[in-house]
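Visitor: Just to be clear, the model below is a prediction. Sequence and coordinates:
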Amino acid sequence: MTIALETTGLEKSFGGLRVARALSLRVEQGARHALIGPNGAGKTTVINLLTGVLKPNAGRILLEGHDITDLPVHARVLRGLSRTFQINQLYADLTPLETVGLAVSERLGRGGDWWRRMGTLDDVNRETAEVLASFRLLEVMNERTATLPYGKQRLLEIAVAIATRPRVLLLDEPAAGVPAGERHDILAAVAALPRDVTVLLIEHDMDLVFAFADRISVLVNGAMLVEGPPAEVARDPRVKAVYLGEAADA
Amino acid sequence: MTAVSEVSSRAIARARWRPAEIAFWILVACCAFLFPSRYLIMTDIVRLALFALSLDLILGYAGIVSLGHAAFFGVGAYSAGLMALHGIITEPVIALVVAGLVAMVLGFLTSFLVIRGVDLTRLMVTLGIALLLEALAERFSNITGGSDGLQGIEMAPILGLFAFDMYGKTGFFYSLIVLFLLFLLARRIVHSPFGLSLRAIRNNPLRASAIGVPVDRRLIAVYTVAAFYAGIAGALFTQTTALASLDVFSFERSADLMLVLVIGGTGYLYGGLIGAVVFKMLQEVFSTITPQYWQFWIGLVLVVIVLVGRDRMHRWALWLPNLVIRQVAGRKAVVAVPKSDAP
């Protein structure tokens, strides 16, 4: 199996606080990999390190064998590493059409075009329509994102990430805050993600993790505790201790 | 209709000319012919409108605040003045473009300082650059004429055909045509993929980079373009007044520009144009009533605008035109109302 995304010995400290300790993670090509951990384990830090928002103090990040540790955020996206956001970071004033169109035009290298109008570039139009259709957003494509139901906004969130044609997709709590009635659409969309896209799911919801993932990594205090197939991780006494301990505290 | 063609037509529809826009430019053309005794003040308005359009490109679309936009205005003004004075390039249109390009180079070089940091840093950096240039212009008074300014600028006829006249008629139509052409260009830019990426950056730069937008590169590009626009506005100033003095760099000029956009609104291109008209009119009215204290009234108007909210005032102002359009065309309001973005 080839490795889609790999980190070796990632370290990150804020002052005296070590938020990532010798973090090594290997995600196989096409995997449905979940990263779980109790609150404050450093899941958000991992995402920020992987996407380039934070620079590690030490360690490397490899995307399909290429070192991307020193690449800026947008360059990693163009290389094929995209993410979704946990809390709503969509463009409230833009329409789904514009949001997806923007992602597509950047991916196709048309983002710097200052002369032709949006909508006149055939390749951008074609891919935009494709993505909007596959996430069933065509009917609402011309409405302001802020006015869409929350479930649709979460779908748009995934649609934008897919519009960048990722090789590896980081899903940050895709179903967080979605009302039960709209939840099914999100889960269906996640399940229907193309198989050649490697997915790293960062999630709190254990039902979703065990339904979706074929491999699980458990992060505790900025370090990897356990990694393995779901059944194995579920049985692991250390994992139980972490989660039961957390439950006992709560 | 297939999904692709619908996507295309919906996207293009955003850039279509609205009736209100066409009405606006017809109105402008009418003014040009209705008030032949007012060319000087109208030229003043047109220059200010172009200058404000420049600031709107970076503030309204890319979210870059600037308190030193006069830097580019000044460089454009002096470039045009020096070229005319020393006979380097005498044909005004070519000189205008060259002056714009000089400002553009300065914009490109200083953009690297401006894109770092956030709003307050940017305010200070832009302000600092403008002050620096003003001091340099004063120091090298042998070139700039110091506080006397450039004296004895003689403008050659435009394209060798249209001489500048003492009523300012040529200067006005010249400025208006330049404004209109650059407005068309700006309109083209903001409706392009590049323009869309700017709006995304303004709303949320982190998110934009997560979509694959090279944020810094786009900001440098738009800042450079805006510097070109401001340089052209400055060059028009020199060419139509045959003057260039240190006050082209002044802080008041940059600050007034901000007021123009506060009045007119940002992010829809017409804010700078409408704001320039209103600002100059207010200045005229107030300075006739109280020559000494007109700034008091301008200040009062500003406070009211910010407190009442421009959106609400625009709705009041557009109530009648909208009503008329509804009656005539029988459809929903078509007069553009800017999005809320109180500076």
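Guide: Thanks, I have the structure now. Fair warning: this is a prediction, and the values are worked out from it, not measured in the lab. Residues are numbered from 1 along each chain as shown, chains lettered A, B, ... in the order given.
Visitor: Now for A:M224, which secondary structure element holds it?
Guide: strand A:223-228 (DSSP states H and E).
Visitor: Give me the sheet partners of that strand and which way each runs.
Guide: Using DSSP bridges, strand A:223-228 pairs in its sheet with strand A:215-220 (antiparallel).
Visitor: For residue 55, give me its contacts.
Guide: Here I'm looking at chain A. With contact taken as CB atoms under 8 Å, 6 or more residues apart in numbering or on different chains, A:K55 is in contact with A:L49. All C-beta spots, glycine's among them, are computed from the backbone N, C-alpha and C.
Visitor: that's the wrong chain, I wanted chain B
Guide: When contacts are counted by CB under 8 Å, 6+ apart, B:L55 is found next to B:66, B:69, B:226, B:230, B:257-258, B:260-261, B:272.
Visitor: tell me the SS of it?
Guide: Three-state call for B:L55 (DSSP: H, G, I helix; E, B strand; the rest coil): helix.
Visitor: Give me the residues contacting stretch A:143-159.
Guide: Residues contacting stretch A:143-159 (CB under 8 Å, 6+ apart): A:84-85, A:88, A:90-96, A:99-100, A:131-132, A:134-137, A:140, A:171, A:174-175, A:177-179, A:181-183, A:185-186, A:189-190, A:193.
Visitor: And for B:N322, the neighbour number?
Guide: 17 (other CB atoms under 10 Å in any protein chain shown).
Visitor: element containing it?
Guide: helix B:310-329.
Visitor: Equivalent analysis for A:V19, please.
Guide: Assigned by DSSP H and E, A:V19 belongs to strand A:17-28.
Visitor: cool, and A:L171?
Guide: For A:L171, the element it lies in under DSSP H and E is strand A:168-172.
Visitor: how deep is the residue nearest to B:V301 when sequence neighbours are not counted tucked in, by neighbour count?
Guide: Leaving aside its sequence neighbours, B:V301 sits nearest to B:L282 (CB to CB, 6 or more residues apart in numbering or on different chains; 6.1 Å). Counted by other CB under 10 Å, the residues lying close to B:L282 total 17.
Visitor: which residues touch B:L282?
Guide: So B:L282 contacts B:297-298, B:301 (CB under 8 Å, 6+ apart).
Visitor: and if you look at A:G112?
Guide: Counting by CB under 8 Å, 6+ apart, A:G112 touches B:193-194, B:217-218, B:221.
Visitor: just the buried members of the residues you listed?
Guide: B:193-194, B:218, B:221 (16 or more other CB atoms under 10 Å in any protein chain shown).
Visitor: from memory B:L40 sits against B:M166, does it?
Guide: No - with contacts counted by CB atoms under 8 Å, B:L40 stays clear of B:M166, the gap being 10.1 Å.
Visitor: What residues are bridge-paired with the closest residue to A:D236 other than its chain neighbours?
Guide: Closest residue to A:D236 apart from its sequence neighbours, by CB to CB, 6+ apart: A:V226 at 5.1 Å. Beta-bridge partners for A:V226, by DSSP bridges, are A:V218.
Visitor: in terms of contact, does A:V226 touch A:V239 like I think?
Guide: Yes - applying CB under 8 Å as the test, A:V226 and A:V239 come out as touching, 5.6 Å apart.
Visitor: any idea which element A:G177 lies in?
Guide: Taking DSSP H and E as the definition, A:G177 sits outside all helices and strands.
Visitor: which ones are touching it?
Guide: A:Y150.
Visitor: One more pass at 10 Å, please.
Guide: Counting by CB atoms under 10 Å, 6 or more residues apart in numbering or on different chains, A:G177 touches A:86-88, A:150-151, A:154.
Visitor: for the chain, which spans come out with low pLDDT?
Guide: In the absence of a named chain, chain A is used. For chain A, the stretches with pLDDT under 70 are A:1, A:244-250.
Visitor: my bad, chain B
Guide: B:1, B:329-343.
Visitor: For chain A, what's the nearest residue on it?
Guide: Nearest residue of chain B to chain A: B:A11, at 2.8 Å (CB to the nearest CB).
Visitor: separation between that residue and A:D185?
Guide: Using CB to CB, to the nearest Å, B:A11 is found at 25 Å from A:D185.
Visitor: if we can go back for a sec, for the strand holding A:M224, which outside residues touch it?
Guide: Contacts for strand A:223-228 (CB under 10 Å, 6+ apart): A:7, A:18, A:20-26, A:33, A:35-37, A:41-42, A:46, A:215-220, A:232-239, A:241-242.
Visitor: picking that back up, please go through the contacts of A:G112 and note which also touch chain A.
Guide: Contacts with chain A within these, counted by CB under 10 Å from any CB of the partner chain: B:193-194, B:217-218, B:221.
Visitor: For those, give me CSV that also has distance to A:R110.
Guide: Converted to CSV, the ones next to chain A among the contacts of A:G112 look like this (distance: CB to CB, whole Å):
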residue, distance to A:R110
B:P193, 5
B:F194, 9
B:R217, 14
B:R218, 13
B:A221, 14
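Visitor: can you redo those as JSON lines with distance to B:L34 and secondary structure?
Guide: Shown next, in JSON lines, are the ones next to chain A among the contacts of A:G112 (distance: CB to CB, whole Å; DSSP: H, G, I helix; E, B strand; the rest coil):
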{"residue": "B:P193", "distance to B:L34": "40", "secondary structure": "helix"}
{"residue": "B:F194", "distance to B:L34": "38", "secondary structure": "helix"}
{"residue": "B:R217", "distance to B:L34": "45", "secondary structure": "helix"}
{"residue": "B:R218", "distance to B:L34": "41", "secondary structure": "helix"}
{"residue": "B:A221", "distance to B:L34": "39", "secondary structure": "helix"}
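Visitor: Can you give me the buried ones in the one helix or strand B:V262 maps to?
Guide: Assigned by DSSP H and E, B:V262 belongs to helix B:251-264. Neighbour counts over helix B:251-264 (16+ other CB under 10 Å) mark B:253-254, B:256-264 as buried.
Visitor: Now A:L219: closest residue in space that isn't a chain neighbour?
Guide: In space, A:L219 is closest to A:G37, 3.6 Å off (CB to CB, 6+ apart).
Visitor: got the contact list for the one you found?
Guide: A:G37 neighbours (CB under 10 Å, 6+ apart): A:43, A:46, A:202-204, A:217-225, A:239, A:242-243, A:246.
Visitor: Swap in 6 Å and give it another go.
Guide: Shown in contact with A:G37 (CB atoms under 6 Å, 6 or more residues apart in numbering or on different chains): A:43, A:218-220.
Visitor: Can you get me a residue count around B:S111?
Guide: Residues within reach of B:S111, counting by other CB under 10 Å, total 21.
Visitor: on contacts alone, who are the packing partners of the helix or strand it falls within?
Guide: Secondary-structure element containing B:S111, defined by DSSP H and E: helix B:92-114. When contacts are defined as 3 or more CB pairs under 6 Å, 6 or more residues apart in numbering or on different chains; DSSP states H and E, helix B:92-114 packs onto helix B:70-85, helix B:119-139, helix B:215-241.
Visitor: Apart from its chain neighbours, what residue comes closest to residue 108?
Guide: You didn't say which chain, so I picked chain A. Distance criterion CB to CB, 6+ apart; nearest residue to A:L108, sequence neighbours excluded, is A:D123 at 5.7 Å.
Visitor: ah, I was thinking of chain B
Guide: Among residues not flanking B:F108 along the chain, B:T224 sits closest, at 4.4 Å (CB to CB, 6+ apart).
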